[in-house]
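> Here is the input, now give the coordinates:
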Amino acid sequence: MSETAAYMIHEILTKVNRPDFPLNWTATERMPRIAWKTGTSYGRRDAWSIGYNKKYTIGVWVGNFSGVGVPDLSGANVATPLLFRLFNTIDYDSDDGWFAAPADYQVRQVCSESGLVPGEFCSNFVTDPFIPLFSSTRTCEHLKEIRVSANESISYCVNCSPATGIKKKTYRILEPEMQAWMAERNRPYQKNTAA
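Presented below is the predicted three-dimensional model:
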């Protein structure tokens, strides 16, 4: 793994707006800067949280040695608050700082829906890190402009559309597998029903 890829992982693992952030952690203003990851076993038999900074790596494991599950046990809500308290105790407000960004670490705007370089019809963007010559340069194509009849019952290819009586409409392009997944779960999505 390159130094830049490792730095990107450090940054991802320090984010607090993520699903494994503890719901009951009330002292976030005193939370030390650490990178951490959680886990919960099947059946909630045990849970863990591992964190690190430049000086320390701490692992917290909670559970029953008998392997009996506990309904409220999770890495995020039980092990991680303990991890945060340990770091606050041994290394709060450390002067050691954080890992420095490597020279080839850069950021760019990407489509917020696909994570790819924005295409012609993208309108929502986020800043995302990338590694030049390694990160994908593929352009987002999740939206496509299609020529349809005025009542949207017929779609036309570029070369066979009539000169008048058409309109251009932007459709979200989903792979057949994604369409099937969304249909199975009754998730709404815009469909090109023109034939």
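> Using the record's domain definitions, break this protein down for me.
In terms of domains, the chain is parsed into 3-91, 104-135, 142-195 (source: automatic domain parsing).
> Could you pull out the strands in the chain for me?
Using DSSP state E, the strands of the chain run over 35-40, 46-52, 57-63, 106-111, 125-130, 143-149, 155-156, 166-172.
> and the third one, what does it pack onto?
Strand 57-63 makes packing contacts with strand 46-52, helix 80-91 when contacts are defined by 3 or more C-beta pairs under 8 Å, 6 or more residues apart in numbering; DSSP states H and E. C-beta: built from backbone N, CA, C; applies to glycine.
> Of the ones you listed, flag the one that's most buried.
When you average the neighbours per residue for each of the helices and strands packed on strand 57-63 (mean count of other C-beta atoms under 10 Å), strand 46-52 leads with a mean of 21.
> Quickly run through the sheet partners of that one, with directions.
Strand 46-52 sits in its sheet next to strand 35-40 (antiparallel), strand 57-63 (antiparallel), going by DSSP bridges.
> Point out the most buried one among these.
When the strands paired with strand 46-52 are scored by mean count of other C-beta under 10 Å, the highest mean neighbour count falls to strand 35-40 (a mean of 19).
> For that one, what is the distance to the chain centroid?
Relative to the chain's own centre, strand 35-40 is displaced by 15 Å; criterion: C-alpha atoms, centre = their mean, to the nearest Å.
> Low-confidence bits of this protein, can you list those?
Of all residues in the chain, those with pLDDT under 70 make up the ranges 18-31, 94-95, 190-195.
> export the helices and strands packed on strand 57-63 to TSV and tack on distance to R172?
Putting the helices and strands packed on strand 57-63 into TSV (distance: least, C-beta to C-beta, whole Å) gives the following:
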stretch	distance to R172
strand 46-52	38
helix 80-91	36
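> tell me, how many neighbours does the residue nearest to A150 when sequence neighbours are not counted end up with?
Excluding its sequence neighbours, the residue lying closest to A150 (C-beta to C-beta, 6 or more residues apart in numbering) is G165, at 5.7 Å. For G165, the tally of surrounding residues (other C-beta atoms under 10 Å) stands at 10.
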